[in-house]
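*Asks:* Let me see the structure of the following:
(2 chains)
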Amino acid sequence: MADQLKIQVKNSFAEIPAANEAASRWLAEKQSSPTIDYLANLAIEELVTNCIKYGYDDAGEHTITIELELVENELKLTVIDDGHLFNPLELTPPDINLPVEARPIGGLGIHLLRKMSDRMEYVRVEAKNHLTLWKRGSV
Amino acid sequence: MSTKLEVSDLQGGVRILKLTGQLDIAGLAAVETKFYAHCGGDKMKVQVDLAAVTFLSSLGIRMLLQALKAVKARGGQLQFQNPQPAVTSTLEISGLGQLIVRSDDDIVAGKLTRE
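*Replies:* Sure thing, here's the model as predicted:
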């Protein structure tokens, strides 16, 4: 049977640490692996930050929903926001082989998640972005 | 665990910047300004001790990359010392894995020359 946790945050950077603490506490209760805990924290930080920075065309308050699900030690984490249509999986990956002097600052968040998760998917449903990643924990 | 920065200078002009805690959005607020301030000299040899860093997000990578650029622009060198496995993976995926060193021996032996 699946275990699920739903966290809702406002579009404020100050809400990210508490969301990460809630996710880590829940994953610890489920005796999840450190690999999954690390990736969940990374995903919440990167995806919620992206929503807040780039997702909204107004300065009003919005709610971002984070859903975590554990099925047989596989994490499914989805971030849902009501920002404008944006599929970060269509972004060109950063060129990490450039010399340091020529490396752009930024653009690494989605790259990290794509490399560290098992897979990612994006869908737009009822005017909301749903970005999901999966990660199987080490036994 | 709160994020902290400790600074020490060794013989031979090597500066150790020891970071502790999480390099995420909350942790960076505590150390970022101070971290940059200690990377501002000419021809510096900087070792960023990451052994006690438990989490590194893209914002943390951004800070490290900014510092690396600043140090190199003034003729210096910067390396990352003894990161934990998850932080090592994050650095490698970000294309900074070649700057990782694994022990104090590299400092003592004056090997702070790898690009």
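
*Asks:* Just the buried residues of stretch A:44-55, please?
*Replies:* Using 16 or more other C-beta atoms under 10 Å in any protein chain shown as the test for burial, stretch A:44-55 gives A:I44, A:E45, A:E46, A:L47, A:V48, A:T49, A:N50, A:C51, A:I52, A:G55. C-beta here means a position set from N, CA and C on the backbone, and glycine is covered the same way.

*Asks:* er, stretch A:130-139 I mean
*Replies:* Using 16+ other C-beta under 10 Å as the burial criterion, the residues of stretch A:130-139 that qualify are A:H130, A:L131, A:T132, A:L133, A:W134, A:K135, A:G137.

*Asks:* Now for the closest residue to A:G107 other than its chain neighbours, how many residues are close by?
*Replies:* Nearest non-adjacent residue to A:G107, counting by C-beta to C-beta, 6 or more residues apart in numbering or on different chains: A:P94, 4.6 Å away. Using other C-beta atoms under 10 Å in any protein chain shown, A:P94 has 17 other residues around it.

*Asks:* contacting residues around A:P94?
*Replies:* A:P94 makes contact with A:R103, A:P104, A:G107, A:L108, A:H111 under the criterion C-beta atoms under 8 Å, 6 or more residues apart in numbering or on different chains.

*Asks:* Let's see if you can find the most crowded of these.
*Replies:* Counting neighbours by other C-beta under 10 Å, A:L108 comes out on top of the contacts of A:P94 with 26 neighbours.

*Asks:* Let me see the confidence value for that one.
*Replies:* Among the per-residue scores, A:L108 shows a pLDDT of 92.

*Asks:* Go ahead and confirm it touches B:L59.
*Replies:* No - contact criterion C-beta atoms under 8 Å: A:L108 and B:L59 do not qualify, at 9.2 Å.

*Asks:* hang on, the earlier thing: among the buried residues of stretch A:44-55, which one lies nearest to chain B?
*Replies:* Closest approach between those and chain B, by C-beta to the nearest C-beta: A:E45, at 4.8 Å.

*Asks:* Could I get the contacting residues of the residue lying closest to that closest one once chain neighbours are set aside?
*Replies:* Nearest residue to A:E45, sequence neighbours excluded (C-beta to C-beta, 6+ apart): B:S57, at 4.8 Å. For B:S57, the contact set (C-beta under 8 Å, 6+ apart) comprises A:L42, A:E45, A:E46, A:G109, A:L112, B:L23, B:D24, B:I25.

*Asks:* Nearest to A:T78 among those?
*Replies:* A:T78 has its nearest neighbour among the contacts of B:S57 in A:E46, at 13.8 Å by C-beta to C-beta.

*Asks:* Return the per-residue confidence for that closest one.
*Replies:* Looking at A:E46, the pLDDT reads 96.

*Asks:* any idea which helix or strand carries the closest residue to B:T54 other than its chain neighbours?
*Replies:* The shortest distance from B:T54 to any non-neighbouring residue, by C-beta to C-beta, 6+ apart, is to B:Q22 (5.8 Å). Using DSSP states H and E, B:Q22 sits within strand B:14-23.

*Asks:* Likewise for A:E21?
*Replies:* Per DSSP H and E, A:E21 falls inside helix A:16-29.

*Asks:* Counting by contacts, list what that helix packs against.
*Replies:* In terms of contacts (3 or more C-beta pairs under 8 Å, 6 or more residues apart in numbering or on different chains; DSSP states H and E), helix A:16-29 is packed against strand A:3-10, helix A:34-54, strand A:63-71, helix B:25-37.

*Asks:* between those, which one is nearest to B:T90?
*Replies:* When the helices and strands packed on helix A:16-29 are ranked by distance to B:T90, counting by C-beta to C-beta, first place goes to helix A:34-54 at 8.0 Å.

*Asks:* Quick one: classify A:E101 as helix, strand or coil.
*Replies:* Three-state assignment for A:E101 (DSSP: H, G, I helix; E, B strand; the rest coil): helix.

*Asks:* Sounds good, over and out.
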